[in-house]
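[1] dropping a prediction and its sequence here:
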2 protein chains.
Amino acid sequence: MKKEKNKLRSHCPVNFGLEAFGDRWALLILRDIIFRGKRTYGEFLKSEEGFATNILASRLDHLIKVGILKREGHETDGRKDIFSITEKGLDLIPLIFEIVLWSAKYDTDSEAKRIVRLVELIRDDNRKISRKVIEQVRRGEAIVAEYL
Amino acid sequence: MKKEKNKLRSHCPVNFGLEAFGDRWALLILRDIIFRGKRTYGEFLKSEEGFATNILASRLDHLIKVGILKREGHETDGRKDIFSITEKGLDLIPLIFEIVLWSAKYDTDSEAKRIVRLVELIRDDNRKISRKVIEQVRRGEAIVAEYL
DNA sequence: GAATTCACTTGCAATTTGCAAGTAATAATA
DNA sequence: TATTATTACTTGCAAATTGCAAGTGAATTC
């Protein structure tokens, strides 16, 4: 039984974004894909923040519904689904990078300290580094070692 | 009775941001301050998306707790509280602008169409326009007509 | 001094979350 | 080939959160 509540509360651009991806879990899924190269339900489930199984399933469905992710069967293992990011999802990378930048500044214990180089690049020119990372993630590479 | 669940699920910079401001309502409050110049509980309540009174109160408390907003008494009207944005909150403007940019691109009915000029400026150089807007909002001005 | 405004709080039903425990399909192993 | 594992979920249920509606108390206006 699917929930079909398609009505947006408003078309304010801030609200539109929030209704699409502005959920605790949704952006963590994207993080897992972009930074950690995860692609399957089981991989997402292992994230340190601890998804509940039903929540993970519902958020994956939602992200697919709004066109940020797509689901495909695994080429050789019929049990697995591959969740990959669409162009619409890739366009969220600059925004995710802004979150990283803000947190790097204000969280004294931030693990952003482990990606100092990337944080610098974002601060210096988010658009530019985003373009590079988008290309990488599009190829299925996740963020590569040169930034870590 | 206050909720005191201070423990972060992780210090991943994406997660840190989400736990600070990654709530449907939290960013709408910031939007109201930045774009609409709102400052009081009653003004926030009037927002088109419809805050529940208790949710609004709890989100304001939360944003104050994490240092994004501060609360001050109204100068002349003792009933009112003025909620204003801190420097930490102002630093979220580039991120909010990225949300606007993404929504402007993907929501065909976006009200971003009413702020085409601002969207262009963000696309062209988010950091630069953010700096200008931060100064304005810091002075209590909200986003001024020249961008609308 | 009575009525209104303002910023909340409270009560409560409905929804959502978070576990734990399935389940059905496919794959790997004996 | 039969059994055991994996994988991606679903289901059930208690607990937490949300969303109304209806207060409450202090300050302000009339």
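    Looks like it arrived, so ask away.
[2] going forward, measure contacts and count neighbours with C-alpha atoms only.
    Will do.
[3] flag every residue of chain A that's near DNA strand D.
    With CA under 7 Å from any atom of the strand as the criterion, chain A meets DNA strand D at residues A:1, A:40-43, A:53-54, A:57-58, A:79-82.
[4] can you flag which of those residues belong to helices?
    A:41-43, A:53-54, A:57-58 (DSSP state H).
[5] widest-spaced pair of these?
    The largest separation in these, counting by CA to CA, is between A:E43 and A:S58 at 15.7 Å.
[6] which of the ones in helices among the residues of chain A next to DNA strand D are close to DNA strand C?
    With CA under 7 Å from any atom of the strand as the criterion, those include A:53-54 near DNA strand C.
[7] hmm, stretch A:74-85 touching DNA strand C?
    Yes: shown here: stretch A:74-85 in contact with DNA strand C (CA under 7 Å from any atom of the strand) through A:76-79.
[8] residues from chain A in reach of chain B?
    A:9-19, A:22-24, A:27-28, A:31, A:48-49, A:88, A:91-92, A:94-96, A:98-104, A:106-107, A:109-112 (CA under 8 Å from any CA of the partner chain).
[9] can you do 6 Å?
    A:9, A:11-14, A:17-18, A:49, A:95, A:98-100, A:103, A:110-112 (CA under 6 Å from any CA of the partner chain).
[10] out of these, which is nearest to DNA strand C?
    A:E49 (8.7 Å; CA to the nearest atom of the strand).
[11] show me chain A divided up by domain.
    By the assignment in automatic domain parsing, chain A contains the domains A:11-85, A:92-148.
[12] so where's chain A shaky on pLDDT?
    A:1-6 (pLDDT under 70).
[13] pick out the residue closest to the middle of it.
    A:L30 (1.3 Å; CA atoms, centre = their mean).
[14] give me the buried positions along stretch A:77-94.
    By 16 or more other CA atoms under 10 Å in any protein chain shown, the buried positions in stretch A:77-94 come out as A:81-85, A:89-94.
[15] so which of those comes closest to DNA strand C?
    When those are compared against DNA strand C (criterion: CA to the nearest atom of the strand), the nearest one is A:D81, at 10.6 Å.
[16] now the residue nearest to that closest one when sequence neighbours are not counted: phi and psi?
    Leaving aside its chain neighbours, A:D81 sits nearest to A:G73 (4.7 Å; criterion: CA to CA, 6 or more residues apart in numbering or on different chains). Reported as degrees, to the nearest 10, the phi and psi values for A:G73 are phi -70, psi 150.
[17] isn't A:G73 right next to A:F83, touching?
    No: taking CA atoms under 6 Å as the definition, A:G73 is not a contact partner of A:F83, at 8.7 Å.
[18] among the residues of chain A next to DNA strand D, which two are most distant?
    A:M1 and A:E43 (25.4 Å).
[19] from the residues of stretch A:74-85 next to DNA strand C, which is closest to A:K65?
    A:R79 (21.6 Å).
[20] buried residues in the longest helix belonging to chain A?
    Ranked by number of residues, the top helix in chain A under DSSP H is helix A:116-138. Judged by neighbour count using 16+ other CA under 10 Å, the buried positions of helix A:116-138 are A:118-119, A:121-123, A:126-127, A:129-130, A:133-134, A:137-138.
[21] helices and strands around that helix, which ones?
    Packed against helix A:116-138, as judged by 3 or more CA pairs under 6 Å, 6 or more residues apart in numbering or on different chains; DSSP states H and E, are no other helices or strands.
[22] quick one, that helix and helix B:116-138 angle?
    Using axes from the mean of the first three to the mean of the last three CA atoms, to 10 degrees, the direction of helix A:116-138 lies 160 degrees away from that of helix B:116-138.
[23] ok, now which ones touch the residue nearest to the centre of chain A?
    By CA atoms under 6 Å, 6 or more residues apart in numbering or on different chains, the contact set of A:L30 is empty.
[24] and it, how far is that from A:I55?
    15 Å (CA to CA, to the nearest Å).
[25] now swap in A:K132 and tell me
    Taken as CA to CA, the span from A:K132 to A:I55 is 32 Å.
[26] then A:R117?
    34 Å.
[27] equivalent analysis for A:D23, please.
    For A:D23 relative to A:I55 (CA to CA), the value is 11 Å.
[28] which one's more surrounded, the two?
    Of the pair A:D23 and A:I55, A:D23 is the one with more neighbours under other CA atoms under 10 Å in any protein chain shown, namely 15 against 12.
[29] so for A:M1 and A:E43, which residue has more residues nearby?
    Using other CA under 10 Å, the more surrounded residue of A:M1 and A:E43 is A:E43, with 14 against 3.
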